[in-house]
Structure formats: structure tokens, C-alpha cells
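# need a 3D model of the following:
(one chain, ligands or ions: 1)
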Amino acid sequence: MATKSGEGFSSTFGAIMAAAGSAVGLGNIWRFPYICGKYGGGAFLLVYICFVFFIGMALMMSEFVIGRRTGEDPMKAYPKLRPNKPAWRFVGLAGLLTCFLILAIYLVISGWTLNYFWESLTGTLAGISDDGFGKHFSEFASSAGRPVVFVVLFLVFTAFVIIGGVEKGIERVSKLLMPILVVLLLVLCVRSLTLDGASEGLAYLFHPDFSKLTGEGILAALGQALFSLSVGMGVMIVYGSYLPVDDNIMKTSVWITVCDFAIAILAGIAIFPAVFACGQDPTGGPGLVYQVLPVVFNSLGTVGRVFSVVFFLLLSLAALTSAISLLEALTQWLSSEKIGRTMSAIVMSVAVVVLAVVASFSFGDGIMSGLKVGNLQLFDLLDKLTGTILPPICALMTIIFFGWFMKKDDIIDELSNHGTVKIGYFKVFYYFLVRFVAPAALLVVLISGLIN
Ligand code: PHE
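Now for the predicted structure:
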């Protein structure tokens, strides 16, 4: 246990489950398939793989090192490593603000998911005709009452786990939920792959169409890689501060990255073949899982109803373990300011739910749909900021700090667990990656994406 509060994960397995729980979320199951579909399927996938394994994973290791080395929240960790340059704490602050914004929009989408789980369970979805799902979704998501009820409900579950503590709350829940999630997803994959016409969906997912991969698509791939691995905004610094002292940071990061990537691919395999087999539009955008999948489920009769329940349960559980990590980052920071953990979690929950409700009201034709910045509704603005723009900016600052301002000996000492783990040539490769490759790639993609 590395932190001052004595909180921490009890074992490497627990740490991997918790961090993978943070990584695997709406990003993998709701966002990845529709973005991948939009930017050319396999072509997007190739770029995405490079970003995940070269930049995302390097960032994850860096954040773990910063967190475990200092045992502090992101705001204090940076200045602790560079006491003569306290301004670095603003990088920690930028990350925490990003977490706050992500959590707000995350709660809205999690609320939708929970509602769809409920509607699958009670048979409401089964009673809707194929062409009625678009209307059903927009009416529901734009309404004032129901989405808010589910947002609050979801947040209560999240806060409850946080209040339970790091080991007894976060670790325990993640160890339980992650294996369930994998099983549910595999079940869905098998069903999807055995439908007539499934191969078309697989071809769509894996066949590269480079004509659709624009500059915007490359920036989206980078944003998605960072978002999906939960890196860039300090969440992994927080979880790093809870890592056991003898945990091998390199191995742990590889496990989490592989797990996160595999689950995104499995989600694609569960979704696209079914979408094609039922003659639906794979480029359904953010509404894909709420407007297109229910049609697919309904066309499968009673089995489809079971799959609908399973799918929305899966999505809710995945969202829960990610929301937990976001709320934990905010709670850890506030509770280090001498406010108790429970109180901190409550204060942060109340603050974030206000923004979430406003974002929900500004969605579609909602009662605050007139609330715009430029020509973007607040909801769309938050989605763009948190999905595409802020994670690369925060990630760039983190990696510059890590590669250029942190002492190399500290990094090696932490990665090698004070010399007990052999890292050999990896350190040369890794150092090159964090000093040159990752910052350059982040900078180029960010600038070109923003110009476009
Ligand atoms: N990685 C999560 C997902 O894929 C989202 C997330 C982003 C969680 C940033 C924590 C921090 O859904």
C-alpha cells in the first residue's frame, strides 16, 4: 500500500481487475464499434492498434510510475517529483478537470444504458416496432424526467462502491464484475457469429477501407485509444498510487492493455455481424447500440430478448467500473484536502450530477437544447472535448513531464522495483518512446486534427 491514507489494492490480480475495470467501459462497447464503422473499419483498426500499444500503453506505465513513486493524487504527484517546478501541478489539475467532464457525460450515457436494461427486462423494448426505435430513443433521451432518474441511480451505485474503500469497494467489485463481463460478452459473440450472414459484419470490421480514414479519423483513433485505456487524465496515477510495492508495472500494463483491446474487438464481433445479419445500418453513430441493436434483438424472438437483457447489463457493468475510477480520482483529490472519504465522494457526486443533468437536458430536443457553444449543443461539446480533444492534450503534457522532467533513475528504479525486476533493453526502447515518439505523435495528430 503506497498511499499515505493506507488505502491500496491487496494484490496484483486485484490491481489488474480494477484498472482493467476502469479501462473497459462505454468506450469499448458503445464508442469503439461506431467510430470504427465511421472511419473505415479495418483501416481505423490498424491505426488504433498502433496508438494503443505504442502510445497508450507507454502512457499507462508512465502514470503508474508517477502514482506509485509518489503515493499522491495527480495534483500533488507532479510537484513532488519536481519540487522546484510547482507549476506542473496544473497538469494534474487539467487531468482532474477532464475527469470531471468525462464523468458528467459518462453518467448521462450510463443512465441511458441502465434505462435500456430496465426496458429489456420489463419487455418494453420487445413491444416496439422496428422503425420505432429511433423515435423511442430520441424521445426518451430528450425527456426531462426519466433520464435523470437513471443518472442518479447509476451515480448512487458508483458512490456506494467508492465509499466502501479502495480494497473493500473498488477492488472487490471489479474482481467480481470483470469476469462476469467477459463471459457475457463471449456469449453474445457466439450468438452473433452463428447468425446467417455474419461474415459480412466481420469483413466490415476487419477489411481496411482507407478511403474513409481521414485526418479527423486518425485524431479520433488517438482520442479513442487514450479514452479507452483511461490514460492521460491522471486516473492511472491514482490507481498507480494504490499498486502493491512488488507489482511489476510493465507486466500489469501489458495485461490491462491487451484486455482492453481484446474487449473492444470482441464488442465489434458481437455487434457488427448481428447488425449485418439483420440488414441494419452499421454507421448508426452514437445511437448504434440504442437504435440499431434493439431491432437486431427483436428480430431474434425470445432468444433476442434474453440477449437484449444480457447486452444492456454488460454495458451497465462495464460503465460502472469505469465511472468508479473517475469518481475515485476526484474523491482521492478532495479527501487529501482533509475532508473524509465519504464526504468527499458525496460532495463530488453532487457537483458532477448537476453538470450531468444539464448535459442531459441539452441533448437532442431536450428542454435546454438551446444551450449552445458555437453551433454545438452542450452535450455534443462535452462529447467532443472529452472523447477527442482533452485526452490527447493532457496526455501530451503528462508524457513531456515524464520523458523530459522526471529523473531517469527514478523511472528505472520504479519500473524495476528497485532493481529486483530485470528490464534490459526494454528501458532503452521505452525511454525512446516516451521522450520522442509519443510526444511527437501526440503533437502531430493533435495539431493536424485540430486544424482539420
Ligand atoms: N476507459 C473508459 C471507457 O473506455 C472511460 C474512462 C476514461 C474512464 C477516462 C476513466 C478515465 O469507457
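
# how many residues are close by the residue of the stretch 351-452 of the chain found nearest the ligand?
For the stretch 351-452 of the chain, the residue closest to the ligand is Pro391, as judged by C-beta to the nearest ligand atom, at 7.3 Å. In short, each C-beta sits where N, CA and C put it, glycine included. By the measure other C-beta atoms under 10 Å, the count of residues near Pro391 is 29.

# Lys76 now?
Using other C-beta under 10 Å, the number of residues around Lys76 comes to 17.

# residues in contact with the helix or strand hosting it?
Take DSSP states H and E as the rule and Lys76 turns out to sit in helix 74-81. Applying C-beta atoms under 8 Å, 6 or more residues apart in numbering, the set of residues contacting helix 74-81 from outside is 66-67, 69-70, 72, 85-86, 88-89, 91-93, 95-96, 234, 237-238, 241, 329, 333, 336, 401, 405-407, 410.

# one more time with 7 Å
Helix 74-81 is contacted by residues 66-67, 69-70, 72, 86, 88-89, 91-93, 95-96, 234, 237-238, 333, 336, 401, 406 when judged by C-beta atoms under 7 Å, 6 or more residues apart in numbering.

# got it, and stretch 308-317?
With C-beta under 7 Å, 6+ apart, stretch 308-317 has contacts from 26, 29-30, 110, 113-114, 116-117, 120-121, 125, 177, 180-181, 184-185, 187-188, 293-294, 297.

# centre of the chain to it, how far?
16 Å (C-alpha atoms, centre = their mean, to the nearest Å).

# cool, stretch 332-349 as well?
That offset, for stretch 332-349, works out to 22 Å (C-alpha atoms, centre = their mean).

# so that stretch, near the ligand or not?
No: on the criterion C-beta under 6 Å from any ligand atom, stretch 332-349 is out of touch with the ligand, staying 13.3 Å away.

# can you check stretch 261-279 too?
No: between stretch 261-279 and the ligand, judged by C-beta under 6 Å from any ligand atom, nothing touches; the nearest distance is 8.3 Å.

# picking up where we left off before, OK, contacts around the residue of the stretch 351-452 of the chain closest to the ligand?
98, 223, 226-227, 232-233.

# what strand or helix carries it?
helix 390-400.

# how far off centre is the helix or strand encompassing Val190?
Per DSSP H and E, Val190 falls inside helix 172-193. Centroid separation for helix 172-193 versus its chain: 17 Å, with C-alpha atoms, centre = their mean.

# for that helix, buried residues please.
172-175, 177-178, 181-182, 184-185, 187-189, 191-193 (16 or more other C-beta atoms under 10 Å).

# and what of stretch 110-123?
110-120.
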